[in-house]
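*Asks:* after the sequence you'll find the predicted model.
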Amino acid sequence: MIILLLISFAKVSMGQTCIHKDLSTSFNFKTSIQRLKNGDHYMDSSIVKIAIINKSTLKTLQTIKLNPTFLFSNVFQSCKAVRSYLTKKNINIDALDNDYGDFIVADFNFDSKEDIAIKKDSGGNAGPLYDYYVQDNSGRFVRNIFLSEEMEFFPAEINKKKKTLVTYLHAGVCGLGEHVYSLNTDTNKWHQRSHRIINICKD
């Protein structure tokens, strides 16, 4: 009954919409967010949409829709909070608290195709969480379950030669958790290859 009441009183409030033409050589991306409101108060729930547009024809090829449960109020509000490892857009900006941006273009599975990461949760001390979509052979972006549900955090290191993604997460006052994820290109399967705690307070 409570859920039904919340749904009946919830209204959608439009947020920022951005067109990104400098993150990819093949696509433009339109990012938008809709915040749910209950009367005059914004709720934690929101709707994030990513439209993937052919750069030459300007035709929308695909629209990805996420329903995040917790995003800070500033998420997807600035068109500058993006990054591209393909065009080098904003790659030299420091990722404070593991926040690499709201929307990121990179080659996550080392097949020389452009993939995307979308912020799905603002997270806690370890930083935000991301959903990962990789391009298939038809050019469609498909959610990668392992990266989206097992790795989740954005990798500080993307190593094409070793076929690894490495995340670093806070683990106590002096601990830094290093997680190394490896892709078997023969089976196209991911696994966590190693995990260790680095003492960053040690001289």
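*Replies:* Nice, thanks for sending it over. Numbers count the residues shown, from 1 in each chain.
*Asks:* contacts, neighbours, all on C-alpha from now
*Replies:* Noted.
*Asks:* so where's the protein shaky on pLDDT?
*Replies:* Residue ranges of the chain with pLDDT under 70: 1-15, 37-44, 203.
*Asks:* show me where it has its strands.
*Replies:* Remark: strands assigned in the chain by DSSP state E are 10-20, 27-38, 41-54, 60-66, 82-84, 103-106, 115-124, 127-135, 141-143, 157-159, 164-170, 175-184, 189-199.
*Asks:* by how many degrees do the second one and strand 60-66 diverge?
*Replies:* Spelled out, that is strand 27-38. Here strand 27-38 points in a direction 30 degrees away from that of strand 60-66 (axes from the mean of the first three to the mean of the last three CA atoms, to 10 degrees).
*Asks:* list the buried residues for strand 27-38?
*Replies:* Phe27, Asn28, Phe29, Lys30, Thr31, Ser32, Ile33, Gln34, Arg35, Leu36, Lys37 (16 or more other CA atoms under 10 Å).
*Asks:* from the contact counts, what lies against that strand?
*Replies:* The contact analysis (3 or more CA pairs under 8 Å, 6 or more residues apart in numbering; DSSP states H and E) places strand 27-38 against strand 10-20, strand 41-54.
*Asks:* who's in contact with Cys79?
*Replies:* When contacts are counted by CA atoms under 8 Å, 6 or more residues apart in numbering, Cys79 touches Thr17, Cys18, Ile19, His20.
*Asks:* show the buried residues in those residues.
*Replies:* Counted by 16+ other CA under 10 Å, the contacts of Cys79 give Thr17, Cys18, His20 as buried.
*Asks:* got CSV for these, with distance to Gly139 too?
*Replies:* Listed next are the buried ones among the contacts of Cys79 as CSV, based on distance: CA to CA, whole Å:
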residue, distance to Gly139
Thr17, 24
Cys18, 22
His20, 19
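*Asks:* chain neighbours aside, what residue packs nearest to Ser148?
*Replies:* Asp131 (4.6 Å; CA to CA, 6 or more residues apart in numbering).
*Asks:* sorry, back to before: quick one: which two of the buried residues of strand 27-38 are the most distant?
*Replies:* For these, the maximum inter-member distance is 32.3 Å, found between Phe27 and Lys37 (CA to CA).
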